[in-house]
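J.: what follows is a predicted structure for the sequence shown.
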Amino acid sequence: MPRLEDETIVVTGANSGLGFEATREFAQRGATVVMACRSIERGEDARREIEATDPDGKLDVRECDLADLESVERFAEGVREAYDSIDALCNNAGVMAVPRSETADGFETQFGVNHLGHFALTARLLEPLRAGGETRVVTQSSGMHERGEIDFEDLHGERDYDKWDAYGQSKLANVLFAYELQRRLDAAGIDDITSVAVHPGYADTNLQARTGRESGSKLVYAGMKLANTIFAQSARQGALPMVYATVAEAVDGGSYVGPGGFLNMRGAPEEQRSSDRSYDRETAKRLWAVSEDATGVAYDLPTSGDGPSSA
């Protein structure tokens with residue numbers, strides 16, 4: 001990793017798991033990291049833990065609840081006021097396979113937090129990203145996006161809800177968003193912002209623990225703990241694709257980065273191919289329009305055409 005003095009990086013979900021590990025890596029190399037956390041208390045605990053390692057960078061904990069678009073707007077406004085520019089946005093926070101519930105804005109929680117919250121946040125931070133020179137938008141997906149389909153007739157699972165199908169849909173939406181953002185940046189002639197999708201492979205984070213707890217089954221919870229112990233790589237290793245996509249010199253816009261080892265579940269990061277559905281441009285355009293309508297935010301970017309993009 002290069003030195004990151006004078007770099008400002010925003011990380012959502014920075015207080016735990018992949019976000020915490022990425023934040024620690026960035027701070028150790030001199031970056032100022034804006035820690036976007038749903039809980040200020042947990043964010044401050046994470047900040048103190050990282051600062052105990054005497055990092056070269058600075059940590060700025062700010063409240064950002066991706067399940068509440070007003071909170072997203074307040075967070076983005078605060079960042080714009082405090083920083084003239086930012087060098088990277090890591091759309092990392094997420095929930096996985098939880099029982100059906102709704103966000104403050106009435107969205108199904110997984111689709112609302114994993115996709116719509118980050119869609120709105122990226123739009124509201126586009127101005128400081130453009131002011132940062134060569135900048136990155138890195139969106140965390142999952143290998144489970146391969147299971148996903150975008151059900152435009154029932155996006156929020158009101159008629160039929162399966163928690164894993166909903167998770168797969170939200171993670172496919174992450175990849176579709178990352179690729180469509182790159183295409184629209186290309187169409188606008190904006191070549192100094194790079195949009196990349198990543199996945200961590202199978203990493204031991206609190207997502208599995210929460211899924212196990214909220215399943216209501218002690219057997220499921222125990223099974224997930226056992227699987228994490230036997231098969232998962234550490235959260236620090238799982239954060240490497242996101243770190244790589246954020247700071248590596250040669251990363252193509254519209255690419256997909258994940259672990260290159262066994263079944264793409266562990267190992268060093270590499271550029272990979274995502275699912276066939278993730279390259280469907282008509283689905284991506286439709287999802288973009290639906291997302292703008294749902295969140296009430298609009299990107300000052302032209303509709304994507306068939307211009308340059310690896311997606």
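T.: Nice, I can see it. Residues are numbered from 1 along each chain as shown.
J.: ok, whichever strand or helix holds Val34: who's next to it in the sheet?
T.: For Val34, the element it lies in under DSSP states H and E is strand 32-37. On the basis of DSSP bridges, the sheet neighbours of strand 32-37 come out as strand 8-12 (parallel), strand 58-63 (parallel).
J.: off-centre distance for that strand?
T.: Counting by C-alpha atoms, centre = their mean, to the nearest Å, strand 32-37 is centred 14 Å from the centre of its parent chain.
J.: that strand: what's the following helix or strand?
T.: Sequence-wise, the next helix or strand downstream of strand 32-37 (DSSP H and E) is helix 40-51.
J.: how about low-confidence regions in the stretch 201-311 of the chain?
T.: Along the stretch 201-311 of the chain, the model assigns pLDDT under 70 to residues 206-232, 305-311.
J.: which residue ranges of it form helices?
T.: Assigned by DSSP state H, counting those that start in this stretch, the stretch 201-311 of the chain shows helices spanning 206-214, 218-231, 235-238, 240-247, 281-295.
J.: what lies in contact with the shortest one?
T.: Just to be clear, that refers to helix 235-238. 17-18, 20-21, 200-205, 232, 259, 266 (C-beta atoms under 8 Å, 6 or more residues apart in numbering). Where you see a C-beta, it was placed from the backbone N, CA and C, and this is true even at glycine.
J.: cool, the fourth one as well?
T.: With contacts defined as C-beta under 8 Å, 6+ apart, helix 240-247 is touched by 1-2, 4, 9, 18, 22, 25-26, 88, 90, 92, 136, 138, 140, 196, 198-201, 251, 255, 257-259, 268-269.
J.: where do the strands of the chain begin and end?
T.: Counting by DSSP state E, the chain has strands at residues 8-12, 32-37, 58-63, 88-91, 135-140, 193-198, 256-259, 269-272.
J.: now, of these, which is deepest in the fold?
T.: Most buried of those, by mean neighbour count (mean count of other C-beta atoms under 10 Å): strand 88-91, with a mean of 30.
J.: may I have it as CSV, with CA atoms only?
T.: Provided in CSV are the C-alpha atoms of strand 88-91 (Å, rounded to 0.1, in the frame of the first residue of the first chain):
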residue,chain,number,x,y,z
ALA,A,88,-12.4,7.9,-1.9
LEU,A,89,-15.8,6.7,-0.8
CYS,A,90,-16.1,3.2,0.4
ASN,A,91,-19.8,2.1,0.3
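J.: so what are the sheet partners of that strand and their directions?
T.: Take DSSP bridges as the rule and strand 88-91 pairs in its sheet with strand 8-12 (parallel), strand 135-140 (parallel).
J.: so what touches that strand?
T.: Under the criterion C-beta under 8 Å, 6+ apart, residues 7-12, 19, 22, 118, 121-122, 125, 129, 135-140, 174, 242, 246-247 lie in contact with strand 88-91.
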